[in-house]
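In: Would you be able to build a 3D model of this:
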Amino acid sequence: MMKTLGITSVFALCCLLLSLQSQGGIYRWVDENGKVHFSDRPVQDDAQEMAIPEQKPMYQFESDTQQQRQIEQQRRLEMYDERREQKAQQRLEKKKREAQKAKLKRECAFAKDRLRRYQGAAIYVPQEDGSRRYLNEEQREKEIADLKQQIDKNCR
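Out: Here you go, the predicted structure:
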């Protein structure tokens, strides 16, 4: 029990020291039972004011440290900008890949449609005067082979 009272007293003292640092003094006295008490005002005549050393702040920013902080902050901003640019570049590249994929898909669909129309039908080339020039069998087979090659290339 005495050990608990001692720990409690020390804890109370620490709390008082921290919370009352900027206020008036802290007073210490011992009651008739020998128990030590602390307070921000004297409760008994024999209470003694305790000298509390002024504490320095945990972090003190000197010009060197301030300059280092600014350099570190600038470095972090630059890293953030680099990451943002990288992400923007990645998004741009992704859009390009998706656009390329869409283009290949369209070309694939177009080539498959043309191949379907060319098979079993005569192939012609429109002329400037509005007439049609029909391809002979050899030209037709070459055109169909070219379409099949496009399908193999674009339709993966």
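
In: Flag every buried residue along stretch 100-110.
Out: Cys108 (16 or more other CB atoms under 10 Å). Glycine gets a C-beta too; all of them are placed from N, C-alpha and C.

In: now what about it, what contacts it?
Out: If you take CB atoms under 8 Å, 6 or more residues apart in numbering as the criterion, stretch 100-110 is touched by 150-151, 154-156.

In: try 10 Å
Out: 147, 150-156 (CB atoms under 10 Å, 6 or more residues apart in numbering).

In: Can you flag the buried ones in the residues you listed?
Out: 147, 150-151, 154.

In: before we move on, back to that, the contacts of stretch 100-110 in helices, which ones?
Out: Among the contacts of stretch 100-110, the members falling in helices (DSSP state H) are 147, 150-154.

In: In terms of distance to Lys35, which of those residues ranks first?
Out: Lys35 lies nearest to Asn154 out of the ones in helices among the contacts of stretch 100-110, by CB to CB, at 92.2 Å.

In: Tell me if I'm right that the closest one and Leu115 touch.
Out: No. Counting by CB atoms under 10 Å, Leu115 is not a contact partner of Asn154; they are 11.9 Å apart.

In: Can you show me the strands along this structure?
Out: Shown for the chain, the strands assigned by DSSP state E span residues 26-30, 36-39, 48-50, 124-126, 132-134.

In: Between all of the contacts of stretch 100-110, which two are separated the most?
Out: Greatest spatial distance among the contacts of stretch 100-110 (CB to CB): Leu147 and Arg156, at 15.9 Å.

In: so Gln44 makes contact with Trp29?
Out: Yes. Here Gln44 lies in contact with Trp29, judged by CB under 10 Å, at a distance of 4.7 Å.

In: joint contacts of these two?
Out: His37.

In: higher neighbour count, those two?
Out: Trp29 (16 against 13; other CB atoms under 10 Å).

In: That one touches Arg41, doesn't it?
Out: No. Applying CB under 10 Å as the test, Trp29 and Arg41 come out as separate, 11.1 Å apart.

In: end to end, how far does stretch 32-45 reach?
Out: Distance between the two ends of stretch 32-45: 13 Å, counting by CA to CA, to the nearest Å.

In: what do you get for stretch 129-147?
Out: 27 Å.

In: What of stretch 129-142?
Out: 25 Å.

In: What mean pLDDT does it get?
Out: For stretch 129-142, mean pLDDT is 87.
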